[in-house]
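Student: Below is the structure, and that's it, no one-letter string:
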DNA sequence: TTGTGTTTTACGACCTCC
DNA sequence: GGAGGTCGTAAAACACAA
């Protein structure tokens, strides 16, 4: 037998082993169980060639069980090589490979089925790892952005406080310099402690003020925002 | 040596295609 | 309806730590 004919010499450089030490016995169950010839054909027993009838394997085979036979390294290597070329297994190719590897065509078919399943699992794992990596990088970016938002929020809060303080001083200065007689009946005793001059008249400026704890405040920041933009 | 986890081989059930 | 596919699973074979 041409030992490289299964996969062609250019496809596979190794020597294909001769007939396996294992013989496969097909014990086709001809009884009509109603599950079709395919199912019937699958009922088969296998035993090792070198084992005797007293061997435990054979005893179990006699009992309708079989021992799984691990494929040789050479067989697996060649099946792998064949699988690399084509994942699907049409009938003619299966028979050819089986014949040259000394395997049951059913074994070749099963091997390809299992190999496809392993290949699919591997692909899924790779895809999962890839997606997980992308997800992790997105999460990291999100954390960085959230941290940045936090810092900017703090800066904004500080800036608003600063603006508020400046606005208070400005109001006090403007009201004290433009009016010596207050129409806003604010007593000197009501002046904020930390201001040099208490506001005496806001009518000319239409400044929305309120007093709390002896301090005058802008009622909202909108006034200051507009004033600030004028600068 | 043995218990345990993983891999490999094999099968049944079910599905699709021709 | 048959052939060959996937999917889930059983069980043998194997690897390895304790």
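Tutor: Yes, it's here. What you see is a predicted model, and the numbers here were worked out from it, not measured in a lab.
Student: Residue A:69 falls within a helix, correct?
Tutor: No - counting by DSSP: H, G, I helix; E, B strand; the rest coil, residue A:69 is not found in a helix; it is coil.
Student: okay, now it: neighbour count?
Tutor: 16 (other C-beta atoms under 10 Å). In short, each C-beta sits where N, CA and C put it, glycine included.
Student: With the one 5 residues further on instead?
Tutor: Taking other C-beta under 10 Å as the criterion, the count of residues near residue A:74 is 15.
Student: Quick check: which element contains it?
Tutor: Here residue A:74 sits within helix A:73-85, counting by DSSP states H and E.
Student: Could you check the following helix or strand past that helix against DNA strand B for contacts?
Tutor: Following helix A:73-85 in sequence order, the next helix or strand is helix A:91-101 (DSSP H and E). No - taking C-beta under 7 Å from any atom of the strand as the criterion, helix A:91-101 and DNA strand B are apart, separated by no less than 10.8 Å.
Student: ok and helix A:91-101 relative to helix A:73-85, angle-wise?
Tutor: Between the axes of helix A:91-101 and helix A:73-85, defined by axes from the mean of the first three to the mean of the last three C-alpha atoms, to 10 degrees, the angle is 160 degrees.
Student: elements contacting the longest helix belonging to chain A?
Tutor: Counting residues, the longest helix found in chain A (DSSP state H) is helix A:105-178. Applying 3 or more C-beta pairs under 8 Å, 6 or more residues apart in numbering; DSSP states H and E, one finds that helix A:105-178 contacts helix A:73-85, helix A:91-101, strand A:215-218, helix A:221-230.
Student: ok, of the ones you listed, where does mean pLDDT dip lowest?
Tutor: Mean pLDDT is lowest for strand A:215-218 among the helices and strands packed on helix A:105-178, at a mean of 46.
Student: For chain A, give me the ranges with low pLDDT.
Tutor: A:1-68, A:180-231 (pLDDT under 70).
Student: For DNA strand C, what's the nearest residue on it?
Tutor: residue A:91 (2.8 Å; C-beta to the nearest atom of the strand).
Student: List the contacts of that residue.
Tutor: Residues near residue A:91 by C-beta atoms under 8 Å, 6 or more residues apart in numbering: none.
Student: Would you quantify the distance from it to residue A:75?
Tutor: When distance is defined by C-beta to C-beta, to the nearest Å, residue A:91 is 20 Å away from residue A:75.
Student: about what we covered before: quick one: the helix holding residue A:74 to helix A:105-178, angle?
Tutor: Counting by the same axes, to 10 degrees, helix A:73-85 lies at 60 degrees to helix A:105-178.
Student: tell me which strands and helices helix A:73-85 is in contact with?
Tutor: By 3+ C-beta pairs under 8 Å, 6+ apart, helix A:73-85 packs against helix A:91-101, helix A:105-178.
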